[in-house]
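# No sequence on hand, only this structure:
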């Protein structure tokens, strides 16, 4: 018994050490991003390997905001990401509910087709997508990005929402309908509050995927005023040099919407876990 008790502190220390090591490994790239962003240009190469810069400046942030088109790219990305997240989540929620609650002809075939669409590499289908968008006259349009991102995210988002609906007993809806609710009322008053965690997770996943997507944005958008921020970051790379300070500053600024979005979503994740259950 005493040997077991002596081993417990050692096991706890090892667990915390492993956790600390993992956090350091995961957060170090973020630290280095911020470190380069606040390092003066003259010191980036001379002090590039030092953990702390000898001096700090915020000129890179000021230049990115005031002297480049990054804020326009930023706004374009925000528009595309929010639009994609909203449309995808609505469609995926409806499809996931249908797959979870109803049996209909062709259901298994439709699920199989949706799974197959996730098997093709993007490089294989970028040319057909470009041709379709070009024939529709939607090149250099933010709407084209929303359409493409929505199409590619709906299958996974649908299966994600279906898993949340599967976890909600059908008895809750049946009890509500026995009390006089229509199916839509039961869905809105009983099922919807319980699926807020699923909606939050789906919104977060789709928003992040659309926010950081580069390949389609690079292929479908060539006009400067319609570029999203991942493509805009390439403007800091010239033929003979890279403006590391401004690029890292732009990267730090690009993290802000994602962080704020997940802080907002967190409220509904908690609310979904504590509301909507049968009371009494």
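Thanks, I have the structure now. Given the structure is predicted, the values throughout are model-derived calculations rather than measurements. Residues are numbered from 1 along each chain as shown.
# those helices in the stretch 151-280 of the chain, which residues are they?
Secondary structure of the stretch 151-280 of the chain (DSSP state H, counting those that start in this stretch): helices located at 170-178, 183-186, 192-194, 196-212, 215-220, 229-232, 244-274.
# Residue 195: how many residues sit nearby?
22 (other CB atoms under 10 Å). For glycine as for every other residue, the C-beta is placed from the backbone atoms N, C-alpha and C.
# which stretches of the stretch 151-280 of the chain have low pLDDT?
Applying pLDDT under 70 to the stretch 151-280 of the chain flags residues 267-280.
# ok, now which ones touch residue 156?
118, 205 (CB atoms under 8 Å, 6 or more residues apart in numbering).
# Check the one 4 residues further on too.
Shown here is residue 160, whose contacts under the criterion CB under 8 Å, 6+ apart are 92, 96, 198, 201, 202, 205.
# any idea how far residue 46 is from the one residue sitting closest to the centre of the chain?
Centroid-nearest residue in the chain: residue 208, 1.5 Å away (criterion: CA atoms, centre = their mean). Distance, residue 208 to residue 46, using CB to CB, to the nearest Å: 36 Å.
# Please state the offset of the lengthiest helix in the chain from the chain centre?
Counting by DSSP state H, the longest helix found in the chain is helix 2-37. How far helix 2-37 lies from its chain's middle: 26 Å, per CA atoms, centre = their mean, to the nearest Å.
# Tell me the spatial nearest neighbour of residue 56, not counting adjacent residues.
Using CB to CB, 6 or more residues apart in numbering and skipping the chain neighbours, the partner closest in space to residue 56 is residue 38 (4.9 Å).
# how many other residues sit next to the one you found?
Counted with other CB under 10 Å, residue 38 comes out at 18.
# do residue 29 as well
9.
# Look up the pLDDT of it for me, please.
pLDDT recorded at residue 29 is 88.
# same thing with residue 90?
93.
# in the helix or strand containing it, what's buried?
Here residue 90 sits within helix 70-101, counting by DSSP states H and E. Buried residues in helix 70-101, counting neighbours by 16 or more other CB atoms under 10 Å, are found at 70, 72-74, 76-78, 80-85, 87-89, 91-93, 95-97, 99-101.
# With stretch 50-64 instead?
Neighbour-count burial for stretch 50-64, counted by 16+ other CB under 10 Å, picks out 53, 57, 60, 61, 63, 64.
# what does stretch 174-186 give?
176, 181, 186.
# how about TSV for those, with distance to residue 219 added?
Shown next, in TSV, are these (distance: CB to CB, whole Å):
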residue	distance to residue 219
176	48
181	48
186	44
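# burial of residue 229, as a residue count?
Neighbours of residue 229 (other CB under 10 Å): 26.
# Look at residue 52 and tell me its secondary structure.
Per DSSP: H, G, I helix; E, B strand; the rest coil, the local secondary structure of residue 52 is coil.
# From here on, call the first residue 17.
Happy to do that; since the first residue is 17 now, the last one works out to residue 68.
# Give me the distance between it and residue 226.
35 Å.
# Check residue 211 too.
21 Å.
# swap in residue 177?
17 Å.
# Same check on residue 271?
From residue 271 to residue 226 the distance is 15 Å (CB to CB).
# Looking only at neighbour counts, state which of the two leads.
Between residue 271 and residue 226, counting by other CB under 10 Å, residue 226 is the more crowded of the two (26 against 13).
# Spit out the contact partners of that one.
96, 97, 100, 101, 161, 165, 169.
# Output these as a markdown table; include the columns distance to residue 241.
A markdown table is the format used below for those (distance: CB to CB, whole Å):
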| residue | distance to residue 241 |
| --- | --- |
| 96 | 14 |
| 97 | 18 |
| 100 | 20 |
| 101 | 23 |
| 161 | 14 |
| 165 | 19 |
| 169 | 25 |
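# Now do the domain split for the protein, please.
17-73, 84-290 (automatic domain parsing).
# Of the ones you listed, flag the one that's most buried.
domain 84-290 (a mean of 17; mean count of other CB atoms under 10 Å).
# so who does residue 189 touch?
Counted by CB under 8 Å, 6+ apart, residue 189 has contacts 117, 199, 202, 203, 206, 207.
# cutoff 7 Å now
202, 206, 207 (CB atoms under 7 Å, 6 or more residues apart in numbering).
# separation between residue 54 and residue 252?
From residue 54 to residue 252 the distance is 16 Å (CB to CB).
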